[in-house]
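Visitor: This is a predicted model, with the sequence first.
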Amino acid sequence: MDWEPLRQQLEQIFDAPVRLARWTWEQWLREADTEALGKGAPPKSLQKEQQFVFLLHKDGSDALVLSIEADRVNQAERQLVELMLESNRLQEKKPLASISEEERKVGMVRDWFKQQQDLGLSHAEMPDSLVSQLSLYSTKIPLLLYGDYSQSRRVSYQELKKLLESFFDAEMILVPLMDKEWLILGSEKMLTMDTNDDRDFGEEDSIEDTLAAIGYGLHEMLENEWVGDSHLAIHYPIMPAKSLYATVLQLRETMMLGRTYHMGSNMHLPWMLQLEKLINLIPEGEKASFLERVLKRLDAVLDTETMTTLEQFFQLDCNVSETAKKLYIHRNTLLYRLDKFKQETGLDVRTFNDAVLVKIALLLYKVTKRK
């Protein structure tokens, strides 16, 4: 295998000479002092004098190593290079086509994410050497995609990237994070795209409306192009160099909340899940106590029709006329259903306090019924 492109890539990242050398495997073990470390396997790198030396490849009794001046690499970057080289060694064992330079770069981001996740961190700032590789200094719109496709319909990096750039007619950054999970970073210019030609003159969309339109449009396209369902979460614009890791954790939380409390939805918006996020923080014992007090009155009356009626009523801000239109029923029919619910439960959802109580009970009711 030609290791020269990889050596040159590291030189470009650290702006310092990177040397490729061949050692014997015995020399590597001796320099690593494996037994003294008390480990069965040698380390992925070591420090020899003023150099960091990285294990690149083991070939029988030989070892290929890369060395770089120690003062040009901090500890986080050292670990990142270790992950990168380990990923390369795994790629050697797979009968896959060679990957592009761009895939190598996003692979480094993926490896860094995994490293922070393994450390259990909730916030981490990316190294400048990594940020510069993908030009992450400008504002981006982050989306998290989970493609629930079958094993026979695996989606490649190049295939998905081409699909995204064709849809948005713009360059996109795509990072594979975990199996079937992809991070998408789009330009802030996406916010100026005309997503609603039917709006009234002078009416402006909020940033939430615009982001939702972007997400729903993308999800619809993916549904048409992919075999299998997909879930999508979107976030407010961010500066990736500072907050990309924390944003990914928030996107994962948004998707988890959406899939937990709204099973029929595939598009998950954080500003629509604020109550669900708060409820999810409540200890299980407190949830059970609340449900015991409220569900004893609700359990017998929450049939499918009542659930649908209440959910639409809350979704449309407790507006009777709009809810009746949405359900294709007469206004008086809706009032009859709400009055019947009040008679059987003592809760009038046309009042603020009871509406909040029933809304929370419905969210928890759906979750507990699936357990």
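Guide: Received, thanks. Residues are numbered from 1 along each chain as shown.

Visitor: tell me which element Leu80 falls in.
Guide: Under the criterion DSSP states H and E, the helix or strand holding Leu80 is helix 75-93.

Visitor: Grab the CA positions of that helix and hand them over as PDB.
Guide: Backbone C-alpha positions of helix 75-93 (Å, rounded to 0.1, in the frame of the first residue of the first chain) are rendered in PDB as follows:
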ATOM      1  CA  GLN A  75      -2.200  15.300  23.600                       C
ATOM      2  CA  ALA A  76      -5.700  15.500  22.000                       C
ATOM      3  CA  GLU A  77      -4.200  15.600  18.600                       C
ATOM      4  CA  ARG A  78      -2.000  12.700  19.400                       C
ATOM      5  CA  GLN A  79      -5.000  10.600  20.300                       C
ATOM      6  CA  LEU A  80      -6.800  11.800  17.200                       C
ATOM      7  CA  VAL A  81      -3.900  10.600  15.000                       C
ATOM      8  CA  GLU A  82      -3.900   7.300  16.800                       C
ATOM      9  CA  LEU A  83      -7.600   6.900  16.000                       C
ATOM     10  CA  MET A  84      -7.000   7.900  12.400                       C
ATOM     11  CA  LEU A  85      -4.200   5.400  11.900                       C
ATOM     12  CA  GLU A  86      -6.200   2.600  13.600                       C
ATOM     13  CA  SER A  87      -9.100   3.400  11.200                       C
ATOM     14  CA  ASN A  88      -6.700   3.000   8.300                       C
ATOM     15  CA  ARG A  89      -5.500  -0.300   9.600                       C
ATOM     16  CA  LEU A  90      -9.100  -1.600   9.800                       C
ATOM     17  CA  GLN A  91      -9.700  -0.300   6.200                       C
ATOM     18  CA  GLU A  92      -6.800  -2.400   5.100                       C
ATOM     19  CA  LYS A  93      -8.600  -5.600   6.200                       C
END
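
Visitor: what's near enough to touch the residue nearest the centre of the chain?
Guide: Against the mean C-alpha coordinate of the chain, by C-alpha atoms, centre = their mean, the closest residue is Leu144 at 3.9 Å. Contact analysis of Leu144 by C-beta atoms under 8 Å, 6 or more residues apart in numbering lists 181-184, 232-235, 248, 251-252, 254-255. C-beta here means a position set from N, CA and C on the backbone, and glycine is covered the same way.

Visitor: swap in His330?
Guide: Taking C-beta under 8 Å, 6+ apart as the criterion, His330 is in contact with Ala324.

Visitor: Against Asp348, how distant is it?
Guide: His330 sits at a distance of 20 Å from Asp348 (criterion: C-beta to C-beta, to the nearest Å).

Visitor: same deal with Pro237?
Guide: Separation of Pro237 from Asp348 (C-beta to C-beta) stands at 41 Å.

Visitor: cool, and Leu249?
Guide: In this structure, Leu249 lies at 40 Å from Asp348, with C-beta to C-beta as the measure.

Visitor: Same question for Glu102.
Guide: Distance, Glu102 to Asp348, by C-beta to C-beta: 59 Å.

Visitor: Likewise for Pro240?
Guide: 48 Å.

Visitor: Of those two, give the one with the bigger neighbour count.
Guide: Neighbour tally, Pro240 and Asp348, criterion other C-beta atoms under 10 Å: the higher count belongs to Pro240, 23 against 15.

Visitor: Contact partners for that one?
Guide: With contacts defined as C-beta under 8 Å, 6+ apart, Pro240 is in contact with Met126, Val131, Leu136, Tyr137, Lys140, Pro142, Leu185, Thr247.

Visitor: again, but for Arg259
Guide: Per C-beta under 8 Å, 6+ apart, neighbours of Arg259: His231, His268.

Visitor: 7 Å instead?
Guide: Under the criterion of C-beta atoms under 7 Å, 6 or more residues apart in numbering, the contact list for Arg259 reads His231.

Visitor: okay, it: pLDDT?
Guide: Per-residue confidence for Arg259 comes out at a pLDDT of 90.

Visitor: Any idea how far the helix or strand containing it is from the middle of the chain?
Guide: Counting by DSSP H and E, the element that carries Arg259 is helix 240-261. Once both centres are worked out by C-alpha atoms, centre = their mean, to the nearest Å, helix 240-261 turns out to sit 5 Å from its chain's centre.

Visitor: The helix or strand just after it pairs with which strands, parallel or anti?
Guide: Elements were assigned by DSSP H and E; along the chain past helix 240-261, the next helix or strand is strand 267-268. Under the criterion DSSP bridges, strand 267-268 sits next to strand 229-234 (parallel) in its sheet.

Visitor: All set now, cheers.
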